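Participant: coords below, sequence missing:
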């Protein structure tokens with residue numbers, strides 16, 4: 001049981017659970033890389049919807065000591081705010097992946113990448129309210145990729161750029177991948193505010209997850225640098 005019990009599944013599933021799995025995989029990824037003299041790849045499924053949102057004034061340190069705590073407050077989860085909750089969760093994916101890449105020990109041959117698979121035909125719309133479902137269905141008809149096409153984006157992030165291993169793959173570490181190439185993430189992500197939010201999210205996520213998964217402390221001590 002995590003310290004935070006999110007009011008809405010997107011915060012739990014898309015960020016906290018993803019971060020927990022990613023961190024717990026680090027020792028196995030490190031062993032595999034060492035045993036095979038290669039780089040292990042960790043691919044986090046993000047989305048281009050992270051361009052649609054940013055953490056504004058109400059989530060800055062002076063107004064919200066904890067971004068995740070604030071996002072989980074019932075009073076903060078108004079209908080208007082919840083319109084961006086899915087993009088918020090995907091922004092968290094991008095920020096966490098960049099933070100993980102930055103905090104992994106430099107000696108570890110692990111490449112962490114955030115990838116946008118695109119809008120695909122899937123069960124993603126199963127819980128969308130009817131008033132939005134109609135619009136999403138129309139969008140799906142005109143612009144959605146097949147699940148196979150979306151999967152190719154993930155494979156490129158896991159194997160790209162040429163399916164070979166070597167020092168040249170390091171440019172993928174912490175990168176945002178979309179349409180089979182490394183692309184610049186949102187202006188917010190690469191801004192000063194975005195970097196500060198990234199480090200706050202990193203610290204908050206480790207703190208929250210360590211309460212429910214004490215084994216993370218060993219991962220932090222052995223594989224991460226500048227952990228706080």
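Facilitator: Done, it's in. Please read all numbers here as calculations on a predicted model, not as lab measurements.

Participant: sec struct for the nearest residue to residue 176 once chain neighbours are set aside, please.
Facilitator: Spatial nearest neighbour of residue 176, chain neighbours left out: residue 185 (4.2 Å); criterion: C-beta to C-beta, 6 or more residues apart in numbering. Bear in mind the C-beta positions are built from the backbone N, C-alpha and C, glycine included. Following DSSP: H, G, I helix; E, B strand; the rest coil, the label given to residue 185 is coil.

Participant: I'd say residue 210 and residue 221 touch.
Facilitator: No - the pair residue 210 / residue 221 is not scored as a contact, 11.3 Å apart, by C-beta atoms under 8 Å.

Participant: more neighbours, these two?
Facilitator: residue 210 (18 against 9; other C-beta atoms under 10 Å).

Participant: contacting residues for the more buried one?
Facilitator: By C-beta atoms under 8 Å, 6 or more residues apart in numbering, the contact set of residue 210 is 216-217, 220.

Participant: what comes up buried for stretch 166-184?
Facilitator: 169, 172-178, 182 (16 or more other C-beta atoms under 10 Å).

Participant: Likewise for stretch 36-52?
Facilitator: Residues 39-51 are the ones in stretch 36-52 that count as buried (16+ other C-beta under 10 Å).

Participant: And stretch 186-193, by the same measure?
Facilitator: 186, 188-189.

Participant: now that stretch, how far from the centre of its chain.
Facilitator: In terms of C-alpha atoms, centre = their mean, to the nearest Å, the centre of stretch 186-193 is set 15 Å apart from its chain centre.

Participant: how long is it from one end to the other?
Facilitator: 12 Å (C-alpha to C-alpha, to the nearest Å).

Participant: re the thing from before, tabulate the buried residues of stretch 186-193 (TSV), appending distance to residue 147 and pLDDT.
Facilitator: Converted to TSV, these look like this (distance: C-beta to C-beta, whole Å; pLDDT from 0 to 100):
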residue	distance to residue 147	pLDDT
186	25	98
188	29	98
189	27	98
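
Participant: List the buried residues for the longest helix seen in the chain?
Facilitator: Using DSSP state H to define each element, the chain has its longest helix at helix 192-212. Residues 194-195, 197-202, 204-206, 208-210 are the ones in helix 192-212 that count as buried (16+ other C-beta under 10 Å).

Participant: Show me which of these is closest to residue 64.
Facilitator: residue 200 (9.3 Å; C-beta to C-beta).

Participant: Give me the spatial nearest neighbour of the closest one, chain neighbours excluded.
Facilitator: Once flanking residues are discounted, residue 200 sits nearest to residue 67: 5.7 Å by C-beta to C-beta, 6+ apart.

Participant: My guess is that neighbour contacts residue 55. True?
Facilitator: Yes - if you go by C-beta under 8 Å, residue 67 and residue 55 touch, sitting 6.2 Å apart.

Participant: which stretches of this protein have low pLDDT?
Facilitator: Scanning the chain for pLDDT under 70 picks out 1-8, 128-131, 226-228.

Participant: Taking the centroid of it, which residue is nearest it?
Facilitator: Central residue of the chain (C-alpha atoms, centre = their mean): residue 93, 1.5 Å from the mean position.

Participant: That one: helix or strand, and which one exactly?
Facilitator: helix 85-103 (DSSP states H and E).

Participant: can you map out the helices along the chain?
Facilitator: Along the chain, the segments classed as helices by DSSP H run 9-10, 18-36, 67-71, 79-82, 85-103, 130-143, 147-159, 192-212, 216-223.

Participant: Show me which parts of the fourth one are buried, residue by residue.
Facilitator: In this case it means helix 79-82. Buried residues in helix 79-82, counted by 16+ other C-beta under 10 Å: none are found.
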